[in-house]
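*Asks:* Sequence first, predicted coordinates after that:
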Amino acid sequence: MISQRARYAFKAVVALARAKPGEGLQIRQLCEQEKLPRKFLEQILLSLKAAGYITSRRGRDGGYELLKPADKIFIGPMLRAVDGPIAPLPCLSRTAYRRCEDCRDEASCELRLAFDSAYRDYLEKLERLSLAEVMRQSDATPHGAAVQEPLPSAS
C-alpha cells in the first residue's frame, strides 16, 4: 500500500494540474479543496518542490504550481520522491537495492520469487503511467460508477 503521505501528495499534484495555467493554488486552497491537513501538506509540498515537480511564489497572488506538464509527470518517480523506495522487498528495489538480512540465496529465495514478477509488472506500469493519463481516466469515468471489487480473501 502507498502511504498517507503519498496519497496526500497525489491529491495535491492532481489539484495543481487541474488549476488554471499560470494561476497557483495557495496552501489554504489545497487544504480546503482536498481536505488535507496543513502541517503535513507543507512538508509534502517541500518534498515535491525539492524533487522538481512544483514551484512556489510568495505574496498575495502567490501559491504553488506544477513545474512540468501533467503528461511529463510519471507516477512511479513521483511516489519515490515523496515516499522513497516503492519495492515490497529491499532486494527488488531499483533505487535502494539492499540484500535482505535473512536471505541465504537470492536466486532461490522463495519470498523474492513470489514478488519479483508481479512487482516488475506493477513497476513497469507506474513508470509509464502519467498524471495526465490518470486524470483522463478519471474524467471519463462517471461519478458514482462501480469500482473494481477487491479480490476474495483466502479464508
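*Replies:* Everything's here; your move.

*Asks:* Just give me the neighbour total for the residue lying closest to Leu16 once chain neighbours are set aside.
*Replies:* Leaving out its chain neighbours, the residue that sits closest to Leu16 by CB to CB, 6 or more residues apart in numbering is Leu66, at 5.0 Å. All C-beta atoms are positioned from the backbone trio N, CA, C, and that covers glycine. Taking other CB atoms under 10 Å as the criterion, the count of residues near Leu66 is 19.

*Asks:* Assess the claim that Leu66 and Ser56 are in contact.
*Replies:* No. Under the criterion of CB atoms under 8 Å, Leu66 lies out of contact with Ser56, with a separation of 11.2 Å.

*Asks:* mind listing the helices for the protein?
*Replies:* In the chain, helices defined by DSSP state H lie at 4-18, 27-34, 38-50, 75-83, 110-128, 131-140, listed in chain order.

*Asks:* what residue ranges in the chain score low on pLDDT?
*Replies:* Screening the chain residue by residue with the criterion pLDDT under 70, one finds the ranges 144-155.

*Asks:* Tell me the residue in it that is farthest from the middle.
*Replies:* Distance to the chain centre peaks in the chain at Arg104, reaching 33.0 Å (criterion: CA atoms, centre = their mean).

*Asks:* separation between it and Phe115?
*Replies:* Arg104 sits at a distance of 17 Å from Phe115 (criterion: CB to CB, to the nearest Å).

*Asks:* and Leu36, what does it touch?
*Replies:* Contacts for Leu36 (CB atoms under 8 Å, 6 or more residues apart in numbering) come out as Tyr8, Lys11, Ala12, Leu30.

*Asks:* burial measure for Glu34, as a count.
*Replies:* A count of neighbours around Glu34, defined by other CB under 10 Å, yields 15.

*Asks:* Ok, Leu126 next?
*Replies:* By other CB under 10 Å, the burial measure for Leu126, its neighbour count, is 16.

*Asks:* In contact with it, which residues?
*Replies:* Leu126 sits next to Phe74, Ile75, Gly76, Leu79, Ile86 when contact means CB under 8 Å, 6+ apart.

*Asks:* hmm, try it at 10 Å
*Replies:* Residues counted as contacts of Leu126 (CB atoms under 10 Å, 6 or more residues apart in numbering) are Phe74, Ile75, Gly76, Pro77, Met78, Leu79, Arg80, Ile86.
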